[in-house]
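S.K.: for reference, the sequence and a predicted model appear below.
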Amino acid sequence: MGHRLIADLAMVAHFAFLAYMAVGGFLAWRWPRTILLHIATTAYGLLNVIVGWPCPLTSVERWGRDQAGEATLPASGFIDHYLAGVIYPEGAETWARLALAALVVISWVGFALFRPPRTAGRLGA
């Protein structure tokens, strides 16, 4: 039971990370201080795609499922297992990545254009 919980929590954290990467720039319109976290999240995701780093959350989920006696994630990983064919059609990974990149760029442009101006005495507000 405990290992399955670890695997499920890793899966939820993974979904939360990807959701934040998609919409975190829009959240920064309301909470400007979060833009640095969003930039870091997006940079990590981009490097993960370019360099092909293994995601630690995927490793934790695989370990938890294996220890619980369940089938682990396939070698292709979390995104191919949970998102491909569900959130976007099979084989459309490039288009999904481009759509995500466009969403991030739009959120950052909006952040630059629409964020409230800083006032004296309110650093980072």
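M.R.: Happy to help now that I have it.
S.K.: quick one: residues contacting the residue nearest the centre of the chain.
M.R.: For the chain, Leu18 is the residue whose C-alpha lies nearest the centre (C-alpha atoms, centre = their mean; 2.0 Å). By C-beta atoms under 8 Å, 6 or more residues apart in numbering, the residues touching Leu18 are 45, 79, 83. C-beta: built from backbone N, CA, C; applies to glycine.
S.K.: beyond the helix or strand harbouring it, next helix or strand please.
M.R.: Per DSSP states H and E, Leu18 falls inside helix 2-30. Next along the chain after helix 2-30, taking DSSP H and E as the criterion, comes helix 35-51.
S.K.: next, the angle helix 2-30 makes with that following helix.
M.R.: 120 degrees (axes from the mean of the first three to the mean of the last three C-alpha atoms, to 10 degrees).
S.K.: buried residues, the lowest-mean-pLDDT helix or strand in the chain. List them.
M.R.: Of the helices and strands making up the chain, the lowest-confidence element is helix 78-82, at a mean of 82, by mean pLDDT, DSSP states H and E. The neighbour-count check on helix 78-82 (16 or more other C-beta atoms under 10 Å) flags 78-79, 81-82 as buried.
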